[in-house]
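In: Give me the fold of what follows.
(chains A, B, C, D, E and F)
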Number of protein chains: 4
Amino acid sequence: MTAPDRGIPSVSLDPVRGRPRDPRTDEAIMAATRQLLTDVGYDQVSMDSIARVAGVSRPTIYRRWPSKAHVVFDAAFGAVGDGGAALPHSGDFETDLREFIRGAVGFWREPVVEAATLGILAERRRDSDLQIRTQQLLDDRIRGELADLVRAGADQGVVRADIDTDALFTVLVGTTLYGALIDGRDGTDQLVDELCSLVMRGAQAREKE
Amino acid sequence: MTAPDRGIPSVSLDPVRGRPRDPRTDEAIMAATRQLLTDVGYDQVSMDSIARVAGVSRPTIYRRWPSKAHVVFDAAFGAVGDGGAALPHSGDFETDLREFIRGAVGFWREPVVEAATLGILAERRRDSDLQIRTQQLLDDRIRGELADLVRAGADQGVVRADIDTDALFTVLVGTTLYGALIDGRDGTDQLVDELCSLVMRGAQAREKE
Amino acid sequence: MTAPDRGIPSVSLDPVRGRPRDPRTDEAIMAATRQLLTDVGYDQVSMDSIARVAGVSRPTIYRRWPSKAHVVFDAAFGAVGDGGAALPHSGDFETDLREFIRGAVGFWREPVVEAATLGILAERRRDSDLQIRTQQLLDDRIRGELADLVRAGADQGVVRADIDTDALFTVLVGTTLYGALIDGRDGTDQLVDELCSLVMRGAQAREKE
Amino acid sequence: MTAPDRGIPSVSLDPVRGRPRDPRTDEAIMAATRQLLTDVGYDQVSMDSIARVAGVSRPTIYRRWPSKAHVVFDAAFGAVGDGGAALPHSGDFETDLREFIRGAVGFWREPVVEAATLGILAERRRDSDLQIRTQQLLDDRIRGELADLVRAGADQGVVRADIDTDALFTVLVGTTLYGALIDGRDGTDQLVDELCSLVMRGAQAREKE
DNA sequence: AGGTAAACGAGACGGTACGTCCCGTCTTGCA
DNA sequence: TGCAAGACGGGACGTACCGTCTCGTTTACCT
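Out: The predicted structure follows:
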């Protein structure tokens, strides 16, 4: 995510009119927001503090983002698409699933994400733009990726053919989010193992074997 | 949760000195908060608006609860323990599990809970009291209840003996919370069915049958 | 002027409800405003700077006055009624007139008044409350006082019977205001003498003598 | 006033280098400013609104005038010198004086002047350039004109020889300004008559006649 | 005809102030 | 002591101007 102001998709005819925005300003705001998020947490981050740390004026931030939630969203999740893409796909379904889960837990536990997520989710209820963007963040990348994984597993015959990918997605994202951000009881490894095991085999005792 | 003011345990020597608190005041505040939560949502609820709707002054609220988050917590979750207790325990594990899940989804989707939860979870990060209370809410009642369920299932031999109840708890609560409050894609029934099915049987294709 | 918030004449039934306003706060705001007016001038005075100097929060000022112009008005002119009353009335019309003029020039040249007046007059055009209050300030006290003076002079036969007190008022106030605040060319004494002389005798050469 | 940019006297060596300024732009800015002044008043006029109405960019205005006050000054008073010159000089002092006063009142009551004057006078206190320009506006033209008038009257013997023209100027300008812009109580004719009468004959009852 | 320099529209930018809102605490007087 | 009312400090909000700046484009004059 490198171009803010996505909501207003810039209908302008000319590609550039007027003084262009300084890209360093964007980055300074993002960096300041990330730093503040990890330092003081979502609620304590104010537009004023962001502006101060970024060496920028408050109106300059409002010129780019419509509200604090959007600034934080981009600061916390903006780089997700770029970095998180490199999932290995070893070919073995359980290995790949475990990696997927580990990636999810790791993602929620990145300090910036950890600081931002619940605030964003709360704010999201009153901001339809934010709803769309959070949805897209999860759906466009992660849901699709999981679908690929499941399809590969089904082709190999190790995954039930009638599995509902969306439900599986909900289970994985919901559980990792809850485990990482809300419950906070288990270590990463334990959570990953148990979730992977449960998703693979279920809770039911096998009748045979 | 029927006895507010947990933080300040009332140092008074005599049980009653001076004018006693009017218990109707407590209920008026709770009712006003619940109404406002469903009407305008967590962030739009202000102590002022609660006081106004309850016909009460702001200090009267602060005399009973230390902050808005605690008022909302009690308003949204205070009655949980009383009402939600009546789980049937039919004896059939899958039926009971399905009922447990349905109860969880239904809980998250109660209008007041739906309006309050994400706000409370966000606020919880900076308020250790609130952390403890949310933890207790889930643990004391629900975690124990699930443990009973699992134990019964294990005794009957329909549940794997090595199942980790805590992990199962995380999966169930996390998934229902996410599905009900964040994803919002599935209907209740579908979510319940799929989650139940996945937890029972897992995603793995059976080698035989 | 000791009771701000004149615009909303406090319809409350009870004389005192809730915590009463601290009168020292009012005085601190007035003193801060007066100091700032003389130090930096009308336009440089901001609500923030007043609050800072007064050791008060901005909302506290807005609780008492609806805008900067009203704060400045009270700070600059609020004490006028009390102090300026002691006009001597020697009995000799020209002496009293001169004293009246000298008082007017002295008033406009008080540092606080000098700093505030033109700003207030400019602001007045968009604020009907302020219009009324400026009008009252001049009319209630000064116009009446001049009328007394003129009536006494007419009784003694030294003032033309058909003199228009309102026009005389306009001449005196307009000229002193202009001479003191806008023209700034003459010293006080010269302005007083010339205005007094002109008003007494006019510009016309006497036909005889 | 037809040549803007007085402050920065165009250091360029050649009289014209590069693209020359479009003179229609100047006029568009002046016209827009005049329209806005009468429509919304001094304080509501912003450089942005002027630019918008004039179909011009903000820097284009700043290229010609150093601040909003100067733009407004020229828009409101720029054409004064040209139009107001034609005072008749009938030869009869009182007639000419009345005409002078009527001209002054009429001037202050021109819609654009009425909207601009008090704002300019307030701004003038922090802008020495503006001080000089306002002074010149009044002095160069009007003060001199009045001096001519008085001299002619003195020659004819209808005006006291020791009259102070500057004081008379202060009285006439101050009174008309106050009467027209601040007091707003009298109609034009009444103000003119009374001021003229007072200035001619004074307030003193004649001992004889 | 091409080069050069300023005008020009557009809009970013730092800065400052505005007036409002809410929080949580406090200070009254009355019950 | 409970309670209603409301003052109060503090802090954040989002907006509006100001005057300056940096772009790319246009328009004239001058080689």
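In: From here on, just use CA atoms for contacts and neighbour counts.
Out: Will do.
In: Tell me which residue lies nearest the centroid of chain A.
Out: A:Phe77 (5.4 Å; CA atoms, centre = their mean).
In: quick one, what contacts that residue?
Out: Shown in contact with A:Phe77 (CA atoms under 8 Å, 6 or more residues apart in numbering or on different chains): A:Val113.
In: For the residue in chain A that DNA strand E sits nearest to, the count of nearby residues, please.
Out: Taking CA to the nearest atom of the strand, DNA strand E has its nearest neighbour within chain A at A:Gly18, 2.6 Å off. Taking other CA atoms under 10 Å in any protein chain shown as the criterion, the count of residues near A:Gly18 is 5.
In: And the pLDDT at it?
Out: In this model, A:Gly18 is scored at 85, pLDDT.
In: where's it, which helix or strand?
Out: Under DSSP states H and E, no helix or strand contains A:Gly18.
In: Dihedrals phi and psi, it?
Out: Dihedral angles of A:Gly18 (phi, psi; degrees, to the nearest 10) stand at phi 80, psi -180.
In: What's the separation between A:Leu121 and DNA strand F?
Out: 16 Å (CA to the nearest atom of the strand, to the nearest Å).
In: which helices and strands sit right next to the helix or strand harbouring that residue?
Out: If you go by DSSP H and E, A:Leu121 is part of helix A:111-124. Applying 3 or more CA pairs under 8 Å, 6 or more residues apart in numbering or on different chains; DSSP states H and E, we find helix A:111-124 packed against helix A:23-40, helix A:68-77, helix A:93-109, helix B:111-124.
In: That helix vs helix B:111-124, what angle?
Out: With axes from the mean of the first three to the mean of the last three CA atoms, to 10 degrees applied, the angle from helix A:111-124 to helix B:111-124 works out at 150 degrees.
In: Tell me which residues of stretch A:125-138 come out buried.
Out: Going by neighbour count (16 or more other CA atoms under 10 Å in any protein chain shown), the buried part of stretch A:125-138 is A:125, A:130-131, A:133-134, A:137.
In: So what touches the helix holding A:Leu121?
Out: With CA under 8 Å, 6+ apart, helix A:111-124 has contacts from A:34-35, A:37-38, A:41-43, A:69, A:72-73, A:76-77, A:107-108, A:130-131, A:181, B:118-119, B:121-122, B:182.
In: what angle separates it from helix A:23-40?
Out: Using the same axes, to 10 degrees: helix A:111-124 against helix A:23-40 is 90 degrees.
In: per-residue confidence averaged over the helix or strand following helix A:111-124?
Out: Toward the C-terminal end, the helix or strand that comes next after helix A:111-124 (DSSP H and E) is helix A:128-136. Here helix A:128-136 scores 90 as its mean pLDDT.
In: which residues of chain A score low on pLDDT?
Out: A:1-15, A:80-88, A:186, A:203, A:205-209 (pLDDT under 70).
In: Give me every residue in it lying close to chain D.
Out: Taking CA under 8 Å from any CA of the partner chain as the test, the list of chain A residues beside chain D is empty.
In: which residues touch the residue of chain A found nearest chain B?
Out: Closest residue of chain A to chain B, CA to the nearest CA: A:Gly202 (3.6 Å). With contact set as CA under 8 Å, 6+ apart, A:Gly202 has these partners: B:198-203.
In: how far away is A:Glu114 from chain D?
Out: 43 Å (CA to the nearest CA, to the nearest Å).
In: Any buried residues in stretch A:66-84, and which?
Out: A:68-78, A:80.
In: nearest to chain D, of the buried residues of stretch A:125-138?
Out: Using CA to the nearest CA, A:Leu130 comes nearest to chain D of the buried residues of stretch A:125-138, at 31.9 Å.
In: Tell me which of the helices and strands packed on helix A:111-124 lies nearest to C:Pro59.
Out: Nearest to C:Pro59 among those is helix A:68-77; the distance by CA to CA comes to 23.6 Å.
In: hey, C-alpha coordinates of the closest one in PDB?
Out: C-alpha atoms of helix A:68-77 as PDB (Å, rounded to 0.1, in the frame of the first residue of the first chain):
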ATOM      1  CA  LYS A  68      -6.900   8.700  12.800                       C
ATOM      2  CA  ALA A  69      -8.200   5.200  12.200                       C
ATOM      3  CA  HIS A  70      -7.200   5.300   8.500                       C
ATOM      4  CA  VAL A  71      -3.700   6.600   9.400                       C
ATOM      5  CA  VAL A  72      -3.300   3.800  11.900                       C
ATOM      6  CA  PHE A  73      -4.700   1.300   9.400                       C
ATOM      7  CA  ASP A  74      -2.200   2.100   6.800                       C
ATOM      8  CA  ALA A  75       0.600   2.400   9.300                       C
ATOM      9  CA  ALA A  76      -0.100  -1.000  10.800                       C
ATOM     10  CA  PHE A  77      -1.400  -3.000   7.800                       C
END
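In: Is any residue of that helix near DNA strand E?
Out: No: Helix A:68-77 is not in contact with DNA strand E by CA under 7 Å from any atom of the strand; minimum separation 13.9 Å.
In: That helix versus helix A:23-40: what angle between them?
Out: Using the same axes, to 10 degrees: helix A:68-77 against helix A:23-40 is 90 degrees.
In: How about helix A:68-77 and DNA strand F, any contact?
Out: Yes: using CA under 7 Å from any atom of the strand, helix A:68-77 reaches DNA strand F at A:Lys68.
In: Residue of chain A closest to chain C, please.
Out: Counting by CA to the nearest CA, chain A gets nearest to chain C through A:Asp48 (16.2 Å).
In: what helix or strand is that residue on?
Out: Applying DSSP H and E, one finds A:Asp48 within helix A:47-54.
In: list the buried ones in stretch A:16-36?
Out: So stretch A:16-36, judged by 16+ other CA under 10 Å, has buried residues A:25-26, A:28-36.
In: and it, does that touch chain B?
Out: No: on the criterion CA under 8 Å from any CA, stretch A:16-36 is out of touch with chain B, staying 14.8 Å away.
In: how much distance is there from that stretch to the middle of the chain?
Out: Computed by CA atoms, centre = their mean, to the nearest Å, the separation of stretch A:16-36 from the middle of its chain amounts to 21 Å.
In: Assign A:Ser90 to helix, strand or coil.
Out: Following DSSP: H, G, I helix; E, B strand; the rest coil, the label given to A:Ser90 is coil.
In: what about it, distance to chain D?
Out: For A:Ser90 relative to chain D (CA to the nearest CA), the value is 60 Å.
In: And A:Arg63, by the same measure?
Out: Distance from A:Arg63 to chain D, by CA to the nearest CA: 17 Å.
In: For that residue, list the residues it contacts.
Out: Contacts of A:Arg63 by CA under 8 Å, 6+ apart: none found.
In: hmm, back to that, could you dump the contacts of A:Gly202 into a markdown table and include secondary structure?
Out: Converted to a markdown table, those look like this (three-state DSSP):
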| residue | secondary structure |
| --- | --- |
| B:Leu198 | helix |
| B:Val199 | helix |
| B:Met200 | helix |
| B:Arg201 | helix |
| B:Gly202 | coil |
| B:Ala203 | coil |
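In: wait, doesn't A:Lys68 sit right on A:Asp43?
Out: No: between A:Lys68 and A:Asp43 there is no contact, the gap being 10.0 Å when judged by CA atoms under 8 Å.
In: Could you list the alpha-carbon positions for the helix holding A:Leu121 in CSV?
Out: Only the C-alpha atoms of helix A:111-124 are listed here, as CSV (Å, rounded to 0.1, in the frame of the first residue of the first chain):
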residue,chain,number,x,y,z
PRO,A,111,4.0,-5.1,17.8
VAL,A,112,2.4,-2.6,15.5
VAL,A,113,-0.4,-4.9,14.5
GLU,A,114,-0.9,-5.9,18.1
ALA,A,115,-1.3,-2.3,19.2
ALA,A,116,-3.5,-1.3,16.3
THR,A,117,-5.9,-4.2,15.6
LEU,A,118,-8.5,-4.0,18.4
GLY,A,119,-8.7,-0.2,18.1
ILE,A,120,-9.2,-0.5,14.4
LEU,A,121,-11.8,-3.2,14.8
ALA,A,122,-13.7,-1.0,17.3
GLU,A,123,-13.5,2.0,15.0
ARG,A,124,-14.5,0.0,12.0
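In: Good, wrapping up.
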